[in-house]
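S.K.: what would the 3D arrangement of this be:
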Amino acid sequence: MLRRTLLKTVAVSAIMVAAAATAQAQTKWDLPGAYPAGNFHTKNLVQFAEDVKKLSGGKLEITIHPGASLFKAPEIKRAVQTGQAQIGEVLMVNVENEIAVFGADGVPFLATSFADSAKLWKAQKPVIEKKLTEQGMIALYAVPWPPQGIYTKQKELNTIEDLKGLKYRAYSPATSRIAELVGAQPVTVQQAELAQAMATGVIVTMITSGSTGRDIKAWESMTHFYDTQAWLPKNLVFVNNDAFKKLDAATQKAVMDAAAAAETRGFAAAQVETEDSKAALVKGGMKVVPPSDALKAGFQKVGATMTEEWVKKAGADGKAIVDAFKKM
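M.R.: Numbering: from 1, shown residues only. The predicted structure is shown next:
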């Protein structure tokens with residue numbers, strides 16, 4: 001009887017140990033994203049999740065929810081902050097109204113190349129990390145979009161005055177301010193509703209990347225893409241601090257190592273995407289052209305105004321970012 005009891009106790013203990021190990025192996029996170037499954041940012045997220053699973057030995061599995069299928073773009077940061085999702089991706093300029101320093105890479109003509117984008121992120125990162133820490137989150141990595149250009153429907157742009165009165169897509173404080181400065185009519189449209197907004201004439205012009213244009217088949221509604229290379233906004237991937245702290249040290253390291261690889265890979269992918277997406281626009285029938293000298297000069301003037309305004313709004317942190325960036 002004693003032997004049978006001991007065997008039963010050992011068996012129960014083994015089952016409990018196995019159950020605990022299985023529970024650890026099945027730690028699962030949800031990662032809401034705002035962009036389609038075929039977008040290079042989303043593909044990078046998928047690879048990041050695969051790397052985390054591999055590096056953690058299967059202890060952590062991250063499910064990617066693309067196309068604003070779990071939370072709409074404006075809801076993602078709050079969802080991660082409150083623990084509704086453990087990890088998420090946002091376009092940083094979309095958070096500018098709440099945290100001004102997130103808008104640095106949305107300032108026109110401040111950083112207009114991939115090299116400048118990397119420098120600006122280096123200047124931004126310590127401030128971004130501090131702000132997220134104060135809200136119970138951790139920054140993991142950032143990846144830029146291709147440079148922003150102007151899409152128009154059956155209208156050529158020679159100067160910024162040609163934008164006056166046009167229904168123009170706004171998706172961030174910076175893009176709304178551009179509309180004000182050039183006299184366009186801002187209409188707030190998020191990524192998921194963009195194709196329909198163009199098709200129905202809700203907007204007739206917008207500033208966004210070639211990558212977004214390809215995703216939404218902009219050539220079905222738009223006719224011109226002016227390659228102004230106005231700025232390179234970045235997507236930020238970040239995690240809820242409480243969720244991160246529940247991981248063991250080895251799994252935490254797996255997340256951080258996978259994030260570092262995702263940032264390097266993402267910057268390289270963005271550069272390839274820049275050329276591929278412009279080629280796709282041409283193939284779709286759009287005219288892809290450089291801006292005229294007058295149009296470029298007009299936007300540079302807008303950029304100077306917005307840089308000055310942004311530094312005032314962002315305060316000492318904003319000035320520190322711009323000063324650090326310009327010294328690099």
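S.K.: C-alpha only now, for contacts and for neighbours.
M.R.: OK.
S.K.: pretty sure Ser172 sits against Val93.
M.R.: Yes - counting by C-alpha atoms under 8 Å, a contact exists between Ser172 and Val93, whose distance comes to 6.0 Å.
S.K.: which one of these two has more residues nearby?
M.R.: Neighbours around Ser172 and Val93, counted as other C-alpha atoms under 10 Å, are more numerous at Val93. The numbers are 26 against 20.
S.K.: which residue ranges of the stretch 151-300 of the chain form strands?
M.R.: For the stretch 151-300 of the chain, the strands identified by DSSP state E, counting those that start in this stretch occupy 167-170, 185-188, 205-209, 224-226, 234-240, 287-289, in order along the chain.
S.K.: got a list of what the most centrally placed residue in the chain touches?
M.R.: Per C-alpha atoms, centre = their mean, the C-alpha nearest to the average position across the chain is that of Asn235, at 1.9 Å. Going by C-alpha atoms under 8 Å, 6 or more residues apart in numbering, Asn235 touches 89-92, 142-145.
S.K.: please apply the same query to Arg214.
M.R.: The contact partners of Arg214, taken as C-alpha under 8 Å, 6+ apart, are 277, 280-281.
S.K.: could you check how far it is from Lys164?
M.R.: Using C-alpha to C-alpha, to the nearest Å, one obtains 26 Å as the distance from Arg214 to Lys164.
S.K.: again with Gly210
M.R.: Using C-alpha to C-alpha, one obtains 23 Å as the distance from Gly210 to Lys164.
S.K.: which one's more surrounded, those two?
M.R.: Taking neighbours as other C-alpha under 10 Å, Gly210 and Lys164 compare with Gly210 leading, 29 against 15.
S.K.: identify the spatial nearest neighbour of the residue nearest to the centre of the chain, chain neighbours not counted.
M.R.: Nearest residue to Asn235 in three dimensions, chain neighbours excluded: Leu91, at 4.3 Å (C-alpha to C-alpha, 6 or more residues apart in numbering).
S.K.: and the one you found, how far is that from Gly57?
M.R.: 30 Å.
S.K.: which of these two has more neighbours?
M.R.: Using other C-alpha under 10 Å as the criterion, Leu91 and Gly57 rank with Leu91 on top: 26 against 14.
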